[in-house]
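[1] here is a sequence together with a model predicted from it:
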Amino acid sequence: MNQTPPTDIFNQTVFDAIPLDTKKIIEIGTGSGALAKAYKAINPCVNYVGVEIDSDYVNLSERYCTKVYLENFEQASDSLMKEVRNTDLVIFSDVLEHMYNPWKVIKTLSEYLPKNSAIIASIPNTQHWSFQRNLLSGNLIYLDSGLLDRTHIRFFTKKTMSSLFEENGFSISNITPRIFDFQDQANHLAWIKNSALLLNLDPQECILDAAAYQYVITANLLKENI
């Protein structure tokens, strides 16, 4: 199956979450290298290491990254894991949902990353109202992009995203919803509210969770793992 097509558009919320003085970054799934390009423009001294599973994307990413590994991070080489041992930040921008065992990946990182390191991850939210609507109608049709991207293997809500990190050696310091203004969104969120009331759930919490298309999470390595 072909990977999701690369784009020169980077996730602005992920970019904004990266500390300005980061010395070394490993980005898993660099695509075109757009995020690396943008960050190196404000921190040209950063050692920005990319990891890509597609050789064409490696060629694109090499334009901006210090080094790019052609590897599946779920089967990372010893040399790549050695890079992890002295990095400040690992980035997964819409990548973890493409992995067979993201829980194991996060657990492994907790064992290899050094003190004071962190992960920034952007993950699609399958509690979004559009996914709920498609589920109710039975129209779970895979597409080339979006929440039902045909290359997605795992699906997460805000709660299960949190447990992905908190149960595998990290504490979440920030979680930011990415909310976009889709057509008729207000009407769809209204029925989410009504459904929540019928189910004795917190309607405001359900509305917020259904409005978020993605979440960007900053997770810090727990000290007891050092």
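    Perfect, thanks for sending it.
[2] for Ile172, give the beta-bridge partners.
    Ala219 (DSSP bridges).
[3] which residues does it contact?
    162, 165-166, 217-220 (Cβ atoms under 8 Å, 6 or more residues apart in numbering). C-beta: built from backbone N, CA, C; applies to glycine.
[4] next one: Lys67
    Counted by Cβ under 8 Å, 6+ apart, Lys67 has contacts 49-50.
[5] quick check: beta-bridge partners of it?
    Bridge pairing for Lys67 - DSSP bridges - gives Val49.
[6] please, where are all the helices along the protein?
    12-17, 34-42, 55-61, 78-84, 102-112, 129-137, 158-166, 185-198, 203-211 (DSSP state H).
[7] before we move on, the earlier item: pLDDT, neighbour count and distance to Leu109 added to the contacts of Ile172, as JSON lines?
    Formatted as JSON lines, these follow (pLDDT from 0 to 100; neighbours: other Cβ atoms under 10 Å; distance: Cβ to Cβ, whole Å):
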{"residue": "Ser162", "pLDDT": "97", "neighbour count": "17", "distance to Leu109": "16"}
{"residue": "Phe165", "pLDDT": "98", "neighbour count": "25", "distance to Leu109": "10"}
{"residue": "Glu166", "pLDDT": "97", "neighbour count": "14", "distance to Leu109": "14"}
{"residue": "Ile217", "pLDDT": "98", "neighbour count": "25", "distance to Leu109": "13"}
{"residue": "Thr218", "pLDDT": "98", "neighbour count": "21", "distance to Leu109": "14"}
{"residue": "Ala219", "pLDDT": "98", "neighbour count": "27", "distance to Leu109": "10"}
{"residue": "Asn220", "pLDDT": "97", "neighbour count": "16", "distance to Leu109": "12"}
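[8] and those, which is closest to Leu201?
    Each of the contacts of Ile172 was scored against Leu201 by Cβ to Cβ, and Ser162 proved nearest at 17.6 Å.
[9] for the nearest residue to the closest one once chain neighbours are set aside, give me the pLDDT.
    In space, and not counting its chain neighbours, Ser162 is closest to Ile172: 6.0 Å by Cβ to Cβ, 6 or more residues apart in numbering. Here the pLDDT value assigned to Ile172 is 97.
[10] so how far is Leu109 from Ile172?
    Using Cβ to Cβ, to the nearest Å, Ile172 is found at 14 Å from Leu109.
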